[in-house]
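Visitor: Pasting the sequence and the predicted model now:
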Amino acid sequence: MVPRLLEKYRNEIVPKLMSDFNLKNKMEVPVVDKVVVNMGIGEGTQDIKILEKSVDELANITGQKPIIRRAKKAIANFKVRQGQAVGAKVTLRRAMMYEFMDRLLNVALPRIRDFRGVSADSFDKGNNYTLGLSEQIIFPEIEYDKITRTQGMDITFVIKNAKNIEQARALLKYFGMPFKTKEEK
């Protein structure tokens, strides 16, 4: 079964982007290559149960088992030793990626209290977009009663074939990313 957003991309977004940016070939159209969900677990260095709970929640949110990220160097000020678990990361591609994007854009982001949109300036030099969330409870997969502590995460949309930030922004806007307008900043 083809994900809803993938169908939308093929049937609606590609023709719009081709006409907006005068692209001659479908292979020139920007595409979301992968979505990386990263969760830093600061207190997980001291308590392994916090780390395990966060990894389970990230697995529920994404539908894929996260890998545990370990510290490369020891940092005494943060009480971190080399090789100690400091976060979890999931890389989503293809169908899983489109399903996650659909849930994020249509279910999770509208559940944020007083939500007015996401920043339109969070693009890096490679035309990738990073979105920071302050709590995991906006996702419907997380049961509010079983939360011991709120945990933030970063979601990075890696965009391929975008010549500039305007193309990458247009791609995400057509997917339904609720960017803030200039007046709301």
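Guide: Looks like it came in fine. Numbering: from 1, shown residues only.
Visitor: Longest helix of the chain, counting residues only.
Guide: If you go by DSSP state H, the chain has its longest helix at helix 48-62.
Visitor: mind checking how far the nearest residue to A88 once chain neighbours are set aside is from V158?
Guide: Nearest non-adjacent residue to A88, counting by Cβ to Cβ, 6 or more residues apart in numbering: P66, 4.0 Å away. Heads up, the C-betas are built off the backbone N, CA and C, glycines and all. Using Cβ to Cβ, to the nearest Å, P66 is found at 17 Å from V158.
Visitor: cool, G83 as well?
Guide: Here G83 is placed at a distance of 27 Å from V158 (Cβ to Cβ).
Visitor: quick one: the residue of the chain most remote from its centre and Q82, what's the gap?
Guide: Largest separation from the mean C-alpha position in the chain: A76, at 30.5 Å (Cα atoms, centre = their mean). Distance of A76 to Q82, computed by Cβ to Cβ: 11 Å.
Visitor: now N60
Guide: Distance, N60 to Q82, by Cβ to Cβ: 30 Å.
Visitor: Compare those two (neighbour count), which wins?
Guide: Neighbours per residue (other Cβ atoms under 10 Å) separate N60 from Q82, with N60 holding more: 14 against 10.
Visitor: List the pairing partners of the longest strand seen in the chain within its sheet, with orientation.
Guide: Using DSSP state E to define each element, the chain has its longest strand at strand 31-40. The pairing partners recorded for strand 31-40 under DSSP bridges are strand 85-92 (antiparallel), strand 153-160 (antiparallel).
Visitor: Excluding residues flanking it in the chain, which one is nearest the residue nearest to the spatial centre of the chain?
Guide: Against the mean C-alpha coordinate of the chain, by Cα atoms, centre = their mean, the closest residue is I155 at 2.4 Å. Leaving aside its chain neighbours, I155 sits nearest to L131 (4.7 Å; criterion: Cβ to Cβ, 6+ apart).
Visitor: ok, N161 to T130 distance?
Guide: Using Cβ to Cβ, we find N161 at a distance of 18 Å from T130.
Visitor: again with G83
Guide: G83 is 27 Å from T130, by Cβ to Cβ.
Visitor: More neighbours: which of those two?
Guide: More neighbours surround T130 than the other of G83 and T130, with 15 against 11 (other Cβ under 10 Å).
Visitor: pLDDT weak spots in this protein?
Guide: Counting by pLDDT under 70, the chain shows low-confidence ranges at 43-46, 182-185.
Visitor: Run through the helices of it in chain order.
Guide: 4-8, 14-20, 48-62, 94-103, 165-175.
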